[in-house]
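> give the three-dimensional model of this entry:
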Amino acid sequence: MITRLHFQKLIILLAAACLFTSCVTTRQVVVRNYDYDKDISFTIEKIEETSQIGSWMGGSYVPTKGNVFVAMYVTVKNSSAQKLPLDFKNFYLLDTLTHTKHKVEFAMLPTKVSMWANRDSDIGANDTKRRRLVFTYPEKRRAEAFAVNDHVYNIEYKDPAKKASN
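Next up is the predicted model:
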């Protein structure tokens, strides 16, 4: 029979296991405007690396062996007076070492609880959307570039001295 004390110890052990298995590394970036197209712009607030993504319905997603999930937190702004298409499938994280394009695996709402969003959607007139775009990327390397609609941009980190060795 499980006593209250045993139950409390079990809960603490499970919570600790969750914390240690889902370690997140947050990388601060220099916030600047990028163009999606002539009417839509976006900024990157931060980039996170994690070994898993939990689901609010239980369970979790893990990247393929030798990879991590890289989450790019973006704010997208439509400055036009009309609703426009917005396709996150046009975003790629670039591996500058192997010249590989990594597509968006998941588009999510930037909430504490993992909530999915559409990768292809639209953005209302004069509207703003915040999204967490999740890519699979080689572990132990920091993403240095990304592409949107075939335009390549460098990621500007606030800690340039800590560049990962590629």
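
> where in the chain is pLDDT low?
Within the chain, the segments meeting pLDDT under 70 span 1-2, 5-22, 55-58, 160-166.

> quick one: the helices in it, in order.
Ranges of helices in the chain, per DSSP state H, are 4-21.

> mind listing what the residue sitting nearest the centre point of it touches?
Closest to where the C-alpha atoms of the chain average out (C-alpha atoms, centre = their mean) is A71, at 1.5 Å. Contacts here follow C-beta atoms under 8 Å, 6 or more residues apart in numbering; on that basis A71 touches I47, E48, E49, T50, M108, R132, L133, V134, F135. C-beta here means a position set from N, CA and C on the backbone, and glycine is covered the same way.

> list the buried residues of stretch 97-116.
Neighbour counts over stretch 97-116 (16 or more other C-beta atoms under 10 Å) mark H102, V104, E105, F106, A107, M108, P110, S114 as buried.

> hmm, back to that, how about the nearest residue to the residue nearest to the centre of the chain, chain neighbours excluded?
Ranked by C-beta to C-beta, 6 or more residues apart in numbering and with sequence neighbours excluded, the top spatial neighbour of A71 is E48, at 4.4 Å.

> residues in contact with the one you found?
Contacts of E48 (C-beta under 8 Å, 6+ apart): V24, T25, T26, R27, V70, A71, Y73.

> neighbour-wise, which of those leads?
Among the contacts of E48, V70 has the most neighbours (other C-beta atoms under 10 Å), with 26 neighbours.
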